[in-house]
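>>> Generate coordinates for the sequence data below:
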Amino acid sequence: KVFEAVKMIVSLALALLLTLVVLFIFSETPMESFQKMLFAPMTRVRYMGNVIELMIPLAFAGLATALLFRTKLFNLGTEGIFYFCGVVTAAIATQTMSNSFIHPVITIVVSGLVGGAIALIPGYFKAKYDTNELVTSLMMNAILFGLGLFVIKRFLQASDVPGVASNLFEQTARLPIIIPQTRIHVGFIILIVTTIAVHVMLFHTKLGYAIRMTGLNKNFAKYSGMNAFYLFLVVHFMSGFIGGIGSSVELLGMYNRFQWSALPGLGFTGALMAMLGKNNPFGVIAAAFAMSYLRTGA
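Got it, this is the predicted structure:
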């Protein structure tokens, strides 16, 4: 653990050093710019709010990917799931409902279920035929993007704005703000609950033990009687479910309509969060916070 901590600190120091070198080359006030990048987010509530706002989708994507990485599955399908589940979110959030509690709950849960169902596809092929999950998931990303774009343009396209955009979300579907002077919404609480749930599942349940043992030694897990086929399906479903929730939370909390004309990039960045966080749920949260902090400062 000490070695891992030192390695992380050295990596961060090298990254900051490289940033400083670039600033000395291109900036007229390199030290002032560097200082702002490091400390400016702490100077205002709104800036720190920006950090949390950016962190929420990154953390959800990181949690979804970390579950797969735990079982040594290098699956990058969270990207396509984020996009297509965003379309699902738009389809429900644009419908009229009178209850401002039920509407977002239904939207988020359905989005998560769709994400889980989608993730079962590469999971099934991996479990049944040992198909390369990286290739399958990357192909799925392209398919889901094309399919989602078709659904938006054919069924959900808004008539009042150009480009790819759905109609406005109903106000009852939007997630309420929980901290004044910021845009931090209820999705932050959902993220914390999800992180705790994933941690408990991984480190305090038989399923979590099976996931961790499969990642450490697949043959040992197999000879210990663990059902790899069942395990792969469950892990993929949970990963897709979390990805679907993250997509819905991001849209309902930060957008008033679906406007993604390309893959949002959150799934790929989530893989980075999982690796930086060592596939630990709380490590993923810390990595997402650090990345969002630096982005806001930049």
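>>> Tell me, please, the helix or strand in this protein that averages the lowest pLDDT.
Ranking every helix and strand in the chain by mean pLDDT, DSSP states H and E puts helix 218-223 at the bottom, with a mean of 68.
>>> just checking, next helix/strand downstream of that helix?
In the C-terminal direction, the helix or strand that comes right after helix 218-223 (DSSP states H and E) is helix 228-254.
>>> other SSEs contacting the helix or strand just after that next one?
Next in sequence after helix 228-254, counting helices and strands by DSSP H and E, comes helix 266-276. Helix 266-276 sits against helix 45-70, helix 78-93, helix 228-254, helix 281-297, with contacts defined as 3 or more Cβ pairs under 8 Å, 6 or more residues apart in numbering; DSSP states H and E. (Each C-beta comes from the backbone N, C-alpha and C, glycine too.)
>>> Any chance of a markdown table for these, columns mean neighbour count and distance to residue 24?
Shown next, in a markdown table, are the helices and strands packed on helix 266-276 (neighbours: other Cβ atoms under 10 Å; distance: least, Cβ to Cβ, whole Å):
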| stretch | mean neighbour count | distance to residue 24 |
| --- | --- | --- |
| helix 45-70 | 24 | 25 |
| helix 78-93 | 28 | 35 |
| helix 228-254 | 25 | 35 |
| helix 281-297 | 20 | 17 |
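>>> Nearest to residue 16, out of the ones you listed?
helix 281-297 (9.0 Å; Cβ to Cβ).
>>> quick one, that closest one and helix 45-70 angle?
Taking axes from the mean of the first three to the mean of the last three Cα atoms, to 10 degrees, one finds helix 281-297 and helix 45-70 inclined to each other by 140 degrees.
>>> CA atoms only: put helix 281-297 into CSV for me.
Below are the C-alpha coordinates for helix 281-297, written out as CSV (Å, rounded to 0.1, in the frame of the first residue of the first chain):
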residue,chain,number,x,y,z
PRO,A,281,-15.3,2.1,-5.1
PHE,A,282,-13.9,4.8,-2.8
GLY,A,283,-10.7,5.0,-4.8
VAL,A,284,-12.9,5.6,-7.9
ILE,A,285,-14.6,8.5,-6.1
ALA,A,286,-11.3,10.0,-5.1
ALA,A,287,-9.9,9.7,-8.6
ALA,A,288,-13.0,11.3,-10.1
PHE,A,289,-12.8,14.1,-7.6
ALA,A,290,-9.2,14.7,-8.4
MET,A,291,-9.8,14.7,-12.1
SER,A,292,-12.7,17.1,-11.8
TYR,A,293,-10.8,19.4,-9.5
LEU,A,294,-7.9,19.7,-12.0
ARG,A,295,-10.4,20.2,-14.9
THR,A,296,-12.2,23.0,-13.0
GLY,A,297,-8.9,24.6,-12.1
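>>> middle-most residue in the protein, spatially?
Centre of the chain computed as the mean C-alpha position; nearest residue by Cα atoms, centre = their mean is residue 61, 1.7 Å away.
>>> any idea of the pLDDT on it?
The predicted local confidence for residue 61 comes out at a pLDDT of 97.
>>> ok, so what distance separates it from residue 128?
From residue 61 over to residue 128 the distance is 26 Å, taken as Cβ to Cβ, to the nearest Å.
>>> Over to residue 36?
Here residue 36 is placed at a distance of 53 Å from residue 128 (Cβ to Cβ).
>>> which of the two has more neighbours?
Residue environment comparison for residue 36 versus residue 128 gives the larger neighbour count to residue 36, 14 against 11, counting by other Cβ atoms under 10 Å.
>>> Please report how far residue 100 lies from residue 250.
Applying Cβ to Cβ to residue 100 and residue 250 gives a distance of 19 Å.
>>> ok, which stretches of the stretch 51-200 of the chain are helices?
Shown for the stretch 51-200 of the chain, the helices assigned by DSSP state H, counting those that start in this stretch span residues 78-93, 102-129, 133-151, 187-204.
>>> I'd like to know which of the ones you listed is closest to residue 271.
The stretch from the helices of the stretch 51-200 of the chain with the least distance to residue 271 (Cβ to Cβ) is helix 78-93; that distance is 7.6 Å.
>>> avg pLDDT for the closest one?
Mean per-residue pLDDT for helix 78-93: 97.
>>> Could you do stretch 200-210 as well?
The average pLDDT within stretch 200-210 is 93.
>>> list the contacts for residue 156?
Applying Cβ atoms under 8 Å, 6 or more residues apart in numbering to residue 156 gives the contacts 87, 90, 91, 94, 166, 167, 258.
>>> about what we covered before: what's the closest of the helices and strands packed on helix 266-276 to residue 262?
helix 78-93 (8.5 Å).
>>> how far is that closest one from where the chain is centred?
The chain centroid and the centroid of helix 78-93 are separated by 12 Å under Cα atoms, centre = their mean, to the nearest Å.
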